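Asks: here is a sequence with its predicted model. Questions after.
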Amino acid sequence: MDIRRLKSFIVIVDSGSITRAADLLHIAQPALSQQLAALEEHFGQKLLIRSQQGVSMTDAGHAVYRHAQIILRQMEQAQADASAAGNSLAGRVSVGLVPFSSAATLSVDLLAETRKRHPGILLHLTESVGQTYSQMIMNGRLEMALLHGTGPIKGVRFEPILSEEFFLVAHRDFAIEADAKPVPVNTLDGIPLLLPPAYNFVRRAVDTAFTRTRTNLKVVAEVEIVRTLARAVGSGLGATIMPKAIADRIVSESSEPLICRLVSPRIEETLSLCVSDQNPLSEPALAVRDILLELTARLKN
């Protein structure tokens, strides 16, 4: 099989349209359609369904897309290994770091340590709220991720790393006392809160805590950008409840004095390292994994 057909198929799926994919690949649309037809003939299955809205994958298309990602990564790694034979590790490694967690504070350190120890490794870092990292690992788009949760999810393996406690961060105008004792959740009834959207793990943990204590959760805005969240909290637009690493960051970035207190009953989430249980990590990916585990071990201390 011509490897270019697999590359073209991935671009078609990712762009959602044969027309857009042709533009991105700088080839004529009829030629791209022929590549797709040849790929479908090879597998004996319809891979994509075309509509006015673009293209969508069939079940067979999902399977081919996942394997195509893996095959292309292996080809890239083979090229990197051949080029670096007898020398240092080389190749591309994709890592997802879940936002609103301790993982999000590790990106610069992970990049710096990888460059220092393995300059031949091209590190691809992703920090996105809207994408499911476990699914991206199963599809071969990521090799590993630090995320909230412990599974189980078929196709991936979870290795619990640490437990993150949640803290309330609020402007002093909210008249919450600066106290070393945890603040009871039921005293936060009706307080305006700035939180991630409902599908986020952090938000779900906060929702659950308020529901269990029968406390009114008043979300006045859903914010997916930590820097914006920090500025909004510092301006007194609302309070927030975040894992300690993010709470500390909000406090450190604010020019205003903020209250930062643990909440009770305790809200916590497990941060886990997630990898495929089907495809072994490459040598460069194993090296990055080791660095990532070293960095998360520091967070425990």
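Replies: Okay, I see it.

Asks: need the contact list for Pro119.
Replies: Listed by CB atoms under 8 Å, 6 or more residues apart in numbering, the contact set of Pro119 reads Ser88. For every residue, glycine as well, the C-beta is placed using N, CA and C.

Asks: buried stuff in the helix or strand hosting Leu292?
Replies: Element membership for Leu292, per DSSP states H and E: helix 283-300. Using 16 or more other CB atoms under 10 Å as the test for burial, helix 283-300 gives Glu283, Pro284, Ala285, Ala287, Val288, Arg289, Ile291, Leu292, Leu295, Thr296, Leu299.

Asks: now for it, which elements pack on it?
Replies: Where contact means 3 or more CB pairs under 8 Å, 6 or more residues apart in numbering; DSSP states H and E, helix 283-300 is packed against helix 59-83, strand 91-97, helix 107-117, strand 121-126, strand 144-148, strand 156-171, strand 268-276.

Asks: export those as JSON lines, with columns for mean neighbour count.
Replies: Listed next are the helices and strands packed on helix 283-300 as JSON lines, based on neighbours: other CB atoms under 10 Å:
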{"stretch": "helix 59-83", "mean neighbour count": "16"}
{"stretch": "strand 91-97", "mean neighbour count": "23"}
{"stretch": "helix 107-117", "mean neighbour count": "15"}
{"stretch": "strand 121-126", "mean neighbour count": "17"}
{"stretch": "strand 144-148", "mean neighbour count": "24"}
{"stretch": "strand 156-171", "mean neighbour count": "19"}
{"stretch": "strand 268-276", "mean neighbour count": "20"}
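
Asks: with mean pLDDT and distance to Ser252 added, can I get these in CSV?
Replies: CSV is the format used below for these (pLDDT from 0 to 100; distance: least, CB to CB, whole Å):
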stretch, mean pLDDT, distance to Ser252
helix 59-83, 83, 37
strand 91-97, 92, 19
helix 107-117, 94, 15
strand 121-126, 92, 22
strand 144-148, 91, 21
strand 156-171, 93, 11
strand 268-276, 92, 20
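
Asks: nearest to Met242, of those?
Replies: strand 156-171 (6.4 Å; CB to CB).

Asks: report all helices and strands that the closest one contacts.
Replies: helix 133-138, helix 201-212, helix 226-234, strand 240-243, helix 244-253, strand 258-264, strand 268-276, helix 283-300.

Asks: which one of the ones you listed lies closest to Val108?
Replies: Of all the helices and strands packed on strand 156-171, helix 283-300 comes closest under CB to CB, at 10.4 Å.
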